[in-house]
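S.K.: got a predicted structure plus its sequence, pasted below:
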Amino acid sequence: MRLNSLVLLLFLTAACKEPAPPASAAIYAIAPATHVSTWDQNLLGRPLPARIEPATEPLLDYIRRWNESDGFQAVPKPARMDAKDKEALARELSNLPPPVLKLLQKHVITIATVEDLGGSAMAGAAFDDRGEFPFGFLILDINMFKRNANQWISYKENTVFQPEPGTSYTVTLEPEVSNTRIAGMRFVILHELGHIIAQVTRSLPAFTDRRPDRNKFPFARTFDEFPLRGRIKFYADKPPFSVMEAERLYSEFSPTRFPTLYSCVDEEEDFSETFALYIHTVLMKKPYEVKLIEKGKTTVLARDRILLPQMKEKRDFIARILEK
Ligand SMILES: [Zn+2]
């Protein structure tokens with residue numbers, strides 16, 4: 001009897017206690033960058049190159065809040081993109097498929113540049129008094145893009161795998177002829193644009209939502225589980241897997257509806273990766289290939305997963321957004 005009462009008491013305590021709101025809700029309640037009133041909305045009418053500028057204080061404040069919440073030591077500083085790079089990036093973006101360029105022009109108020117971000121890039125969205133998100137902002141760490149596109153994506157994915165002598169894990173995002181630093185920036189901009197579009201279109205719970213119910217959102221319902229998923233962590237101090245485990249991880253990952261390993265992190269990253277890969281592979285016909293090279297023997301672990309039959313529902317979801 002005593003035990004039962006205790007169990008009941010514990011059950012009631014657990015049932016009555018509200019889960020802690022997500023970190024985004026706490027940050028969006030106070031960070032000025034997340035409210036439309038902080039922004040000069042005339043910027044949305046200006047050409048994209050005029051929006052590529054060093055980060056201003058509200059954005060530095062936004063990054064500092066996230067770094068504190070995620071336990072990252074990095075302290076961001078504004079940085080100016082080299083004039084030639086800025087011109088090349090603006091040209092690269094102007095060549096995006098028209099519906100994508102339209103979304104970028106309409107919903108990205110700035111592409112702010114920094115150094116010491118604590119990652120490659122990040123995004124946020126600004127809400128108005130009706131709780132809608134009409135636009136967002138994008139932040140790029142220019143120092144992360146001293147590598148070309150394939151070096152950058154391989155570096156990022158290798159933060160999951162502890163290296164072993166004689167074995168390498170590589171990702172190809174660009175054919176050799178277009179494997180530039182600017183192409184890497186374009187890919188990361190597509191991914192970050194995905195985070196903003198998820199908010200603008202309400203494809204996922206609002207960043208301001210203190211008690212998000214992910215099951216209400218059709219996109220979140222295609223999020224698959226598999227046993228090794230919980231161990232995947234990017235940018236960890238110590239990679240969670242040995243590269244010798246890559247094949248085992250991919251054998252569990254292969255039947256799922258994730259376009260990339262990074263999309264397994266959570267629903268937000270899954271949406272952004274699916275959005276970016278749809279544009280990258282379906283619209284722009286570019287590769288996404290993951291290879292393991294072991295003592296001279298090459299194994300393809302994944303290739304253009306966004307085109308797989310099980311990805312149809314997700315492809316259709318993104319296609320509908322781009323058609324609007
Ligand atoms: Zn992301």
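M.R.: Looks like it arrived, so ask away. Residues are numbered from 1 along each chain as shown.
S.K.: how about the residues of the stretch 51-200 of the chain by the ion?
M.R.: Residues of the stretch 51-200 of the chain lying near the ion by C-beta under 5 Å from the ion: none. Every C-beta, even on glycine, is put in place using the N, C-alpha and C of the backbone.
S.K.: quick one: the strands in the stretch 51-200 of the chain?
M.R.: Taking DSSP state E, counting those that start in this stretch as the criterion, the stretch 51-200 of the chain carries its strands at 52-54, 77-78, 108-115, 121-126, 135-141, 161-162, 167-172.
S.K.: could you do the stretch 201-324 of the chain as well?
M.R.: Taking DSSP E, counting those that start in this stretch, the strands of the stretch 201-324 of the chain run over residues 241-242, 289-294, 297-303.
S.K.: just name the most buried of those strands.
M.R.: strand 289-294 (a mean of 17; mean count of other C-beta atoms under 10 Å).
S.K.: other residues contacting stretch 126-135?
M.R.: For stretch 126-135, contacts defined as C-beta atoms under 8 Å, 6 or more residues apart in numbering pick out 28, 33-36, 38-39, 41, 44, 106-109, 125, 136-137, 196, 199-200, 206-208.
S.K.: ok, back up a step: let me have the strands of the stretch 51-200 of the chain in TSV, adding mean neighbour count and mean pLDDT as columns.
M.R.: Shown next, in TSV, are the strands of the stretch 51-200 of the chain (neighbours: other C-beta atoms under 10 Å; pLDDT from 0 to 100):
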stretch	mean neighbour count	mean pLDDT
strand 52-54	18	97
strand 77-78	14	98
strand 108-115	24	98
strand 121-126	24	97
strand 135-141	24	98
strand 161-162	18	96
strand 167-172	18	97
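S.K.: next, format those as TSV and append distance to Ala88.
M.R.: Shown next, in TSV, are the strands of the stretch 51-200 of the chain (distance: least, C-beta to C-beta, whole Å):
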stretch	distance to Ala88
strand 52-54	11
strand 77-78	21
strand 108-115	13
strand 121-126	17
strand 135-141	14
strand 161-162	31
strand 167-172	21
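S.K.: dump the strands of the stretch 201-324 of the chain to CSV, plus distance to Pro165 and mean pLDDT.
M.R.: Below are the strands of the stretch 201-324 of the chain laid out as CSV (distance: least, C-beta to C-beta, whole Å; pLDDT from 0 to 100):
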stretch, distance to Pro165, mean pLDDT
strand 241-242, 12, 97
strand 289-294, 11, 97
strand 297-303, 15, 97
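S.K.: just send those strands back as JSON lines, with distance to the ion too.
M.R.: Listed next are the strands of the stretch 201-324 of the chain as JSON lines, based on distance: least, C-beta to the ion, whole Å:
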{"stretch": "strand 241-242", "distance to the ion": "20"}
{"stretch": "strand 289-294", "distance to the ion": "18"}
{"stretch": "strand 297-303", "distance to the ion": "19"}
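S.K.: many thanks, have a good one.
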